[in-house]
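Student: Fold the following and give me the result.
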Amino acid sequence: MHHNLLLILALLFSVFMMVMVAKKMKIAYPIFLVIAGLMISFLPGIPEIELDPELVFLIFLPPLLYEAAWYTSWNDFWKWKRPISLLAFGLVFATSLIIAYLSQAMIPGFTLALGFLLGGIISPPDAVAATSVLKGLPIPKRIVSILEGESLVNDASSLIVFRFALAAILTGSFSMNQAVGQFFLVAGMGIVCGIVGGAIMYLIHRFLPTTSAIDAALTVMTPYILYLGAEQFHFSGVMAVVTGGLFISYRSHEIFKNGNTRLNMLGVWTTVIFVMNAMVFILIGLSLPSIIRGLEEATLIQGIKYGVVISVVAIAIRFLWIYPAAFVPRWLFKSVRKEQSPGWKGPLVIGWAGMRGVVSLATALSIPYLMPDGSPFPHRNLILLITFIVIFITLVVQGLSLPYIVNKLNIPAMDVVLPQEQQEAQIQIRLNRLALNHINANYNDVIPKSNLLRNYQNQISLETENTENQLDLLECNDCSVKEIDDFETILKEIYDKQRVEIFQMRKEKYYEDEEIRKAELQLDLNDLKLNPDFHS
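Tutor: Here you go, the predicted model:
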C-alpha cells in the first residue's frame, strides 16, 4: 500500500513537471496529460491498480461537471442555446447511433448495446481541452461560448446514453420506446433535483454564518450531494449536478460576498480539478498494460485499427453535422436569418475543436468488471483501449494543429463585443464612480473631519482618472497601446519588488505573520488586475 501510494505521488509529480514543460512550450496541458498516460504504461515494473468502477464514476465526474457549469456564462449559454442544443443533444445522439452500428458491424461479437455504450463514452468533446488550446488565440467570443456550452450539456446527455446502454447490457433487455420515455423522465426530474438541491445550498451559503473555509468545503461537497440526491430517486445525477452548478453560479454574487472567500474557493477548485485531470490519466496509464493483455479475441493491432477508424468517423460525423446545423436553421426560419452569418470559418473551427478528454476517460473507467452473473463484462478492455486511442488522436492531432488553423483563418469578429481590456476599464470606472457618488451623497460632512476618508476619496478619483486615460487609449484606433504595456510592466516590476520586501519583512520577524499575509493578499489582488485570466 505504501509502495503504491509513493508510486502514485511520484507519477503525479512527473505529470506536473510535464505540464510545466507544456506551459513553457505554450501547448495545452491536456495534450501532455494523454501523452503522460501513454508513457506511464511503458514504465517497467508498474503495478496494476484496480479501483471500483462505480467509485471512479462517483469520485471524478460530479466535480468535473460542476466546475464546468460554474464557469459557464448563463447569459452566453442562453444567447447561443440553439447551436449549443443542436450540438449537445443532436450531435451526441447522432454520434452515439452511428458509432453503435459501425462498431457492431466492424468488431466481431460486439452487440448494438455495446456500440451505444462506446458511442456514449466518446461522443462528448471536452471544453477544458478546447479552451486550453484556444487560449490567447484571435478567436471570436461566440465560438468559445458555444464550445463551453456544448461541452457542459453534451457531457450530461452522453452520460445518460451511457447509463441506459449499460443498464441494457447488464439486464439483457432494451426497448427503444421505453428508453426514450425514460430518458426524458430521468433527465427532466434530474433538472428538478438540481434546482431544488441548488436552492437548498444557496440558502445555506447565504443565511447561515459560514466562513471562507466552510464555503469552499461546501462547494466541494455540493456536486456529490446533488448527484447522490438525484440518484437516490433513480433520476439523472448528472443533470442534477449541471443544473445545480448553473443555478448556484448564477447566484454566486449574492452568497459569496467576501473577497477572501472567492479567492479561497478559486484556489481550492483550481487545485482539485487539475489534480483530478492528472489522476484520471495516471489511472489509465496504470491500467493500459492489463487492458492490452485482456483484449480477449482482439489483438492489440486490431484494437488500434478499431480505435483509429472510430476516431476518423467521429471527427467526420462532427463536420457533417456542424455545417447543416449552422445553415439549415437560417434557411428555414426568418428570425434566424436576422443573426449574423457564421460563415464557413467559424463552423470549421468548432468542428476541428471536438477533442475528447477526461470525461470520456473517467466514464470508460467506470465500466464494471463483471456482469450480474459473475462473468467478465464483454469487451471492457477493448472499449477502454478504443476510448484512449480516440482521446489520444483527437487531443494530439487536432489539439496541436488547431492553433495553426485558427491563425491561418484569421476569423473576423462575428458579434459586436467590446475588447476585454475596454470592458475591464469601463467596469472599473463605473465601480469607482459609484464609490465617489456614495461618499459625496452620504458623507460630505464627514470628509473634512476624516483624513482616511478624504485620502480614500482622492485615491479613487486618481484611479478613475488613470483608468479613463487608459480607456481613451484603448478606444483610439490611431493610438499606440505601448503606454499601457509600459505602465503594466512597471507595475509588475514594483509588485515583484514588493513581494521580495514582504519576504524580507517576514525574515526580520518584526511584524506578525497575520499582517504579512494580509499585505500579501492585497498584493495578490493588485496582481490579479494585471492577470485577469485566473481560472484556467
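Student: by contact count, what packs against the host helix or strand of Leu58?
Tutor: Assigned by DSSP states H and E, Leu58 falls within helix 53-70. Applying 3 or more Cβ pairs under 8 Å, 6 or more residues apart in numbering; DSSP states H and E, one finds that helix 53-70 makes contact with helix 141-171, helix 212-232, helix 237-250, helix 259-293, helix 358-365. (C-beta placed from N, C-alpha, C; glycine too.)
Student: Mind exporting the C-alpha coordinates of that helix to PDB?
Tutor: What follows is helix 53-70, C-alpha atoms only, in PDB (Å, rounded to 0.1, in the frame of the first residue of the first chain):
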ATOM      1  CA  PRO A  53     -15.600   1.400 -11.400                       C
ATOM      2  CA  GLU A  54     -18.700   2.900  -9.700                       C
ATOM      3  CA  LEU A  55     -16.300   4.600  -7.300                       C
ATOM      4  CA  VAL A  56     -14.300   6.100 -10.200                       C
ATOM      5  CA  PHE A  57     -17.500   7.500 -11.700                       C
ATOM      6  CA  LEU A  58     -18.600   8.900  -8.400                       C
ATOM      7  CA  ILE A  59     -15.300  10.400  -7.400                       C
ATOM      8  CA  PHE A  60     -14.300  12.200 -10.600                       C
ATOM      9  CA  LEU A  61     -17.400  13.000 -12.700                       C
ATOM     10  CA  PRO A  62     -19.600  15.100 -10.300                       C
ATOM     11  CA  PRO A  63     -16.900  17.700  -9.600                       C
ATOM     12  CA  LEU A  64     -15.700  17.800 -13.200                       C
ATOM     13  CA  LEU A  65     -19.200  18.600 -14.400                       C
ATOM     14  CA  TYR A  66     -19.900  21.000 -11.500                       C
ATOM     15  CA  GLU A  67     -16.700  23.000 -12.300                       C
ATOM     16  CA  ALA A  68     -17.600  23.200 -15.900                       C
ATOM     17  CA  ALA A  69     -21.100  24.500 -15.000                       C
ATOM     18  CA  TRP A  70     -19.600  27.000 -12.500                       C
END
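Student: which residues of the stretch 401-536 of the chain score low on pLDDT?
Tutor: Low-confidence segments of the stretch 401-536 of the chain (pLDDT under 70): 414-420, 474-484, 528-536.
Student: contacting residues around Arg380?
Tutor: Gly294, Ile367, Pro368, Tyr369 (Cβ atoms under 8 Å, 6 or more residues apart in numbering).
Student: Wait, the first one touches Asn381, no?
Tutor: Meaning Gly294. Yes - counting by Cβ atoms under 8 Å, Asn381 is a contact partner of Gly294 at 4.3 Å.
Student: What ranges in the protein fall below the confidence cut-off?
Tutor: In the chain the weaker segments, taking pLDDT under 70 as the threshold, are 1-4, 48, 174-179, 257-259, 296-298, 414-420, 474-484, 528-536.
Student: Strands along that one, start to end?
Tutor: Shown for the chain, no strands are assigned by DSSP state E.
Student: What is the burial count for Gln422?
Tutor: 14 (other Cβ atoms under 10 Å).
Student: that older thread, now for the helices and strands packed on helix 53-70, which one comes closest to Ala435?
Tutor: helix 259-293 (15.3 Å; Cβ to Cβ).
Student: Report the buried residues of the closest one.
Tutor: 261-265, 268-269, 272-274, 276-289, 291 (16 or more other Cβ atoms under 10 Å).
Student: Then stretch 33-51?
Tutor: Buried residues in stretch 33-51 (16+ other Cβ under 10 Å): Leu33, Val34, Ile35, Ala36, Gly37, Leu38, Ile40, Ser41, Ile46.
Student: Mind putting these into JSON lines with distance to Met25?
Tutor: What follows is the buried residues of stretch 33-51, written out as JSON lines (distance: Cβ to Cβ, whole Å):
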{"residue": "Leu33", "distance to Met25": "14"}
{"residue": "Val34", "distance to Met25": "15"}
{"residue": "Ile35", "distance to Met25": "12"}
{"residue": "Ala36", "distance to Met25": "14"}
{"residue": "Gly37", "distance to Met25": "18"}
{"residue": "Leu38", "distance to Met25": "18"}
{"residue": "Ile40", "distance to Met25": "20"}
{"residue": "Ser41", "distance to Met25": "23"}
{"residue": "Ile46", "distance to Met25": "26"}
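Student: if we take those residues, which one ends up nearest to Val328?
Tutor: The closest of these, once distances to Val328 are taken by Cβ to Cβ, is Val34, at 34.3 Å.
Student: what's near enough to touch the closest one?
Tutor: So Val34 contacts Phe281, Phe388, Ile391, Phe392, Leu395, Val396 (Cβ under 8 Å, 6+ apart).
Student: for Ser212, same thing?
Tutor: Asn258, Asn260, Thr261, Asn264, Met265.
Student: Now with 10 Å, please.
Tutor: By Cβ atoms under 10 Å, 6 or more residues apart in numbering, the residues touching Ser212 are Phe256, Asn258, Gly259, Asn260, Thr261, Arg262, Leu263, Asn264, Met265, Val268.
Student: Could you do Tyr306 as well?
Tutor: Per Cβ under 10 Å, 6+ apart, neighbours of Tyr306: 102-103, 106-107, 110, 118, 298, 382-383, 385-386, 389-390.
Student: Which among these count as buried?
Tutor: Buried among the contacts of Tyr306 by 16+ other Cβ under 10 Å: Leu102, Ser103, Ile107, Phe110, Leu118, Ala298, Leu382, Ile383, Leu385, Ile386, Ile389, Val390.
Student: So which of those residues are in helices?
Tutor: Counted as lying in helices by DSSP state H, out of those, are Leu102, Ser103, Leu118, Leu382, Ile383, Leu385, Ile386, Ile389, Val390.
Student: circling back to that earlier point, what about Gly294 and Asn381, which has more around it?
Tutor: Asn381 (22 against 13).
Student: Please report how far Val192 lies from Gly198.
Tutor: Going from Val192 to Gly198 by Cβ to Cβ, to the nearest Å gives 11 Å.
Student: who touches both of the two?
Tutor: Ala240, Thr243.
Student: So between the two, which is more surrounded?
Tutor: For Val192 versus Gly198, neighbours defined as other Cβ under 10 Å are more numerous around Gly198 (24 against 15).
Student: Just to check, Thr299 is in contact with Asn381?
Tutor: No - in this structure Thr299 lies outside contact range of Asn381 using Cβ atoms under 10 Å: 11.9 Å.
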